[in-house]
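[1] Turn this into a structure:
(one chain, ligands or ions: 2)
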Amino acid sequence: MVTFVDRVTLHLRAGKGGNGCVSVRREKFKPLAGPDGGNGGHGGDVVLVADPQVTTLLSYHHSPHRAAGNGGFGMGDNRSGAAGEPIELPVPVGTVVKDAAGEVLVDLIEPGMRFVAAPGGQGGLGNAALANPKRKAPGFALLGTPGWEGDVYLELKTVADVALVGFPSAGKSSLIAAVSAARPKIADYPFTTLHPNLGVVQAGDVRFTVADVPGLIEGASDGKGLGLEFLRHVERCTALVHVLDCATLDPGRDPLSDLDVILAELAAYPVPEGQTPLLDRPQLVALNKVDVPEAKDLADLVRPDLEARGFRVFEISTVSREGLRQLTFALGDVVATHRAELADAPAAPRVVIRPKGAEREFTVRVEGGSYGTYYRILGDKPVRWVQQTDFQNEEAVGFLADRLDKLGVDDALFRAGATPGAAVVIGEGDGIVFDWEPSLSSAAEVMVAPRGTDPRFAPSNRRTSSQRREQYHERMDAKAEARAELEAERLAQQGRTDEDDR
Ligand SMILES: Nc1nc2c(ncn2[C@@H]2O[C@H](COP(=O)(O)OP(=O)(O)OP(=O)(O)O)[C@@H](O)[C@H]2O)c(=O)[nH]1
Ligand SMILES: [Mg+2]
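    Ligands and ions are numbered 1, 2, ... in the order given. I've put the predicted structure just below:
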């Protein structure tokens, strides 16, 4: 038996980003020829795709754990890691995706719509990419960040233009089989249909889809029979067709009271906000099984009453195919009119989804616990930067500190009242805990000088150019003097030797 699964919880894991690489290029006469560590590859995404070929969530019911591939590590010689293999999960058109808290994330209502349910992690930069004129040979690389991991909840809401509702065995499945190529199970016991069936109907040049939902009985809104559970599949339809059984032999049942029971049950069904209540949509009545003579008589009898209540009534037989053409053409008109209204309606204002925290990149929250106050920093960037840091590597930790300071984290901590040595946690939960040491931000503090002095105010000992000129002349004079002295000495000596020769 084919199982129809229309709700499932998926456990997804996107790929982890690959780590960047630290490497130094070596050449024969240049042993340290610069950094050449490549970047890590990005982790693969898990993507849900609305696929018209898929009709149930069955495959996810059997294997709800799905994971995308991890990014490859960067390597030396500027080789980047391979990107992780993404996975695409085909889901039926009309699948609503919710997060673990039940919040609607997306409604995959158009064929081909894609939704990245679990984004892959970022690959870490290698040391070649981290090099810049100031940091020529980085001795560190960034780690890849983990991919998104968690649960999403899928719920299938069939997308059909027309829904067939009615008591069990009224002939709903027989009708869908008579007007479309769908071949649902048909039998003369109640609750033959256990899941919605879809069929495509061509009426003139209008093509529309019809859904047959499991039968309703009195008290369905209290959970009797199959309950109202399957009316979820009716939520999106344009029009309803009440299929009324004119040939039932059950005592106490006739088309008029059947209709009242179904109307009461439909009225009890809460549609999601912003949608038209089921009973405010166009409704048609099909009096079925008129191939049976008694049924035909009964149909003729109740028809004026129903018309007086404002319904368009069709006498049909799925066996003799009587009245089917009129019914399908009338439905085609309703659907076409509705489609034209939708096309004419002014387009809904476009909703711009801004990335979260676009205006403020992080927040500081002061929290207290039995271990004293600590400061929690929340924001995508700081959290990601921590994930990218190899805490075994001092240079990498220094790089993290610089990044946090540049973002303004130190200033924000000051403003929040943190003092040096305070405990700072980055991220939710246990996160990473630091002892805060504010980075030095003013040049005066960096210069080494006794407390209370500032070398910038110390008198200069550089010579001015006039002083330099003076000194030059003094030195030249001294040289000339020394040379004259030497000359005199030489002459004096010569004189003495001349005397000796004599
Ligand atoms: N004579 C006659 N019998 C019909 C007609 N349409 C359906 N039936 C019979 O009615 C019985 C129930 O038909 P289904 O189509 O299974 O009824 P259903 O409304 O889908 O019932 P559930 O799925 O149980 O809610 C079957 O035995 C059909 O053969 C009809 O036009 N004439
Ligand atoms: Mg059925």
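[2] can we go C-alpha only for contacts and neighbour counts from here?
    Fine.
[3] ok but residue 173 is inside a strand, no?
    No: membership of residue 173 in a strand is not supported by DSSP: H, G, I helix; E, B strand; the rest coil, which gives helix.
[4] Tell me which residues touch it, please.
    184, 185, 186, 193, 197, 212 (Cα atoms under 8 Å, 6 or more residues apart in numbering).
[5] Now the buried members of those residues.
    184, 186, 193, 197, 212 (16 or more other Cα atoms under 10 Å).
[6] These also near ligand 1: which ones?
    Contacts with ligand 1 within those, counted by Cα under 6 Å from any ligand atom: 186, 193.
[7] picking that back up, mind checking which of the contacts of residue 173 land in strands?
    197, 212 (DSSP state E).
[8] Just send the contacts of residue 173 back as CSV, with pLDDT and distance to residue 219 too.
    Shown next, in CSV, are the contacts of residue 173 (pLDDT from 0 to 100; distance: Cα to Cα, whole Å):
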residue, pLDDT, distance to residue 219
184, 87, 26
185, 88, 25
186, 89, 24
193, 84, 18
197, 85, 23
212, 88, 20
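[9] now, which of the buried ones among the contacts of residue 173 sits nearest residue 59?
    residue 197 (18.3 Å; Cα to Cα).
[10] Next, the contact list for that closest one, please.
    Taking Cα under 8 Å, 6+ apart as the test, what residue 197 contacts is 173, 182, 184, 211, 212, 213.
[11] how about the helix or strand hosting residue 260: buried residues?
    Element membership of residue 260, judged by DSSP states H and E, is helix 255-267. Buried residues in helix 255-267, defined by neighbour count with 16+ other Cα under 10 Å: 255, 258, 259, 261, 262, 263, 265, 266.
[12] Helix or strand next in line after that helix, which one?
    Using DSSP H and E, the first helix or strand after helix 255-267 is strand 283-288.
[13] Contact partners for the nearest residue in space to residue 182 that is not next to it in sequence?
    When the adjacent residues along the chain are set aside, residue 182 lies closest to residue 199, with 5.0 Å between them (Cα to Cα, 6 or more residues apart in numbering). The contact partners of residue 199, taken as Cα under 8 Å, 6+ apart, are 176, 177, 180, 181, 182, 209, 210, 211.
[14] can you tell me the helix or strand for residue 199?
    Applying DSSP H and E, one finds residue 199 within strand 197-203.
[15] looking at the contacts of residue 199, which has the most residues close by?
    residue 210 (27 neighbours; other Cα atoms under 10 Å).
[16] what sits against that residue?
    160, 161, 162, 163, 164, 176, 198, 199, 200, 201.
[17] tell me the SS of the fifth one?
    Meaning residue 164. Per three-state DSSP, residue 164 ends up strand.
[18] mind checking how far it is from ligand 1?
    9 Å (Cα to the nearest ligand atom, to the nearest Å).
[19] And for the last one?
    The gap separating residue 201 from ligand 1 is 17 Å, by Cα to the nearest ligand atom.
[20] what's the distance between residue 24 and residue 74?
    From residue 24 across to residue 74, the span is 13 Å (Cα to Cα, to the nearest Å).
[21] Find residues that contact each of these two.
    residue 37.
[22] Let me see the contact set for residue 342.
    Contacts of residue 342 by Cα under 8 Å, 6+ apart: none found.
[23] State the pLDDT value of it.
    pLDDT for residue 342: 77.
[24] just the one 5 residues further on next, same as before
    Residue 347 is assigned a predicted lDDT (pLDDT) of 55.
[25] could you dump the buried ones among the contacts of residue 173 to TSV with distance to ligand 2?
    Putting these into TSV (distance: Cα to the ion, whole Å) gives the following:
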residue	distance to ligand 2
184	7
186	6
193	4
197	9
212	7
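[26] Columns distance to residue 463 on top of the buried ones among the contacts of residue 173, output as CSV?
    Shown next, in CSV, are the buried ones among the contacts of residue 173 (distance: Cα to Cα, whole Å):
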residue, distance to residue 463
184, 104
186, 109
193, 103
197, 98
212, 100
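[27] what's the closest of the buried ones among the contacts of residue 173 to residue 142?
    The closest of the buried ones among the contacts of residue 173, once distances to residue 142 are taken by Cα to Cα, is residue 197, at 52.6 Å.
[28] quick one: the closest one from residue 236, how far?
    When residue 197 is compared with residue 236 (using Cα to Cα), they lie 15 Å apart.
[29] in the stretch 51-200 of the chain, which spans are helices?
    Using DSSP state H, counting those that start in this stretch, the helices found in the stretch 51-200 of the chain span residues 58-62, 127-130, 172-179.
[30] Quick one: closest of the ones you listed to ligand 2.
    The closest of these to ligand 2 is helix 172-179. By Cα to the ion, the value is 4.1 Å.
[31] closest to residue 300 out of the helices of the stretch 51-200 of the chain?
    Using Cα to Cα, the helices of the stretch 51-200 of the chain put helix 172-179 closest to residue 300, at 19.9 Å.
[32] Could you list the contact residues of the stretch 101-250 of the chain toward ligand 2?
    Selection of the stretch 101-250 of the chain residues close to ligand 2 by Cα under 5 Å from the ion yields 173, 193.
[33] Okay, strands next: where are they in the stretch 101-250 of the chain?
    Assigned by DSSP state E, counting those that start in this stretch, the strands in the stretch 101-250 of the chain fall at 104-108, 114-118, 149-156, 162-165, 197-203, 206-212, 239-245.
[34] Return the most buried member of these.
    strand 162-165 (a mean of 26; mean count of other Cα atoms under 10 Å).
[35] ok, residue 391 to ligand 2 distance?
    In this view, residue 391 and ligand 2 are 64 Å apart by Cα to the ion, to the nearest Å.
[36] Ok, residue 33 next?
    For residue 33, the distance to ligand 2 - Cα to the ion - is 76 Å.
[37] swap in residue 322?
    Distance from residue 322 to ligand 2, by Cα to the ion: 20 Å.
[38] and that residue, helix, strand or coil?
    coil.
[39] That one contacts residue 314, correct?
    No: in this structure, residue 322 is not within contact of residue 314 by Cα atoms under 8 Å, at 9.7 Å.
[40] Looking at the two, which one has more neighbours?
    residue 314 (20 against 17).
[41] Give the rounded mean pLDDT of stretch 34-43.
    For stretch 34-43, the per-residue pLDDT averages 93.
[42] Please state the offset of the one helix or strand residue 297 maps to from the chain centre?
    Per DSSP H and E: residue 297 is located in helix 293-308. Chain-centre distance of helix 293-308: 55 Å, with Cα atoms, centre = their mean, to the nearest Å.
[43] For whichever helix or strand comes after it, which residues meet the burial criterion?
    Going down the chain from helix 293-308, the next helix or strand is strand 312-315, by DSSP H and E. Judged by neighbour count (16+ other Cα under 10 Å), strand 312-315 contains these buried residues: 312, 313, 314, 315.
[44] before we move on, the earlier item: can you put the buried residues of helix 255-267 in TSV and add distance to residue 420?
    TSV is the format used below for the buried residues of helix 255-267 (distance: Cα to Cα, whole Å):
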residue	distance to residue 420
255	81
258	77
259	76
261	73
262	71
263	70
265	66
266	65
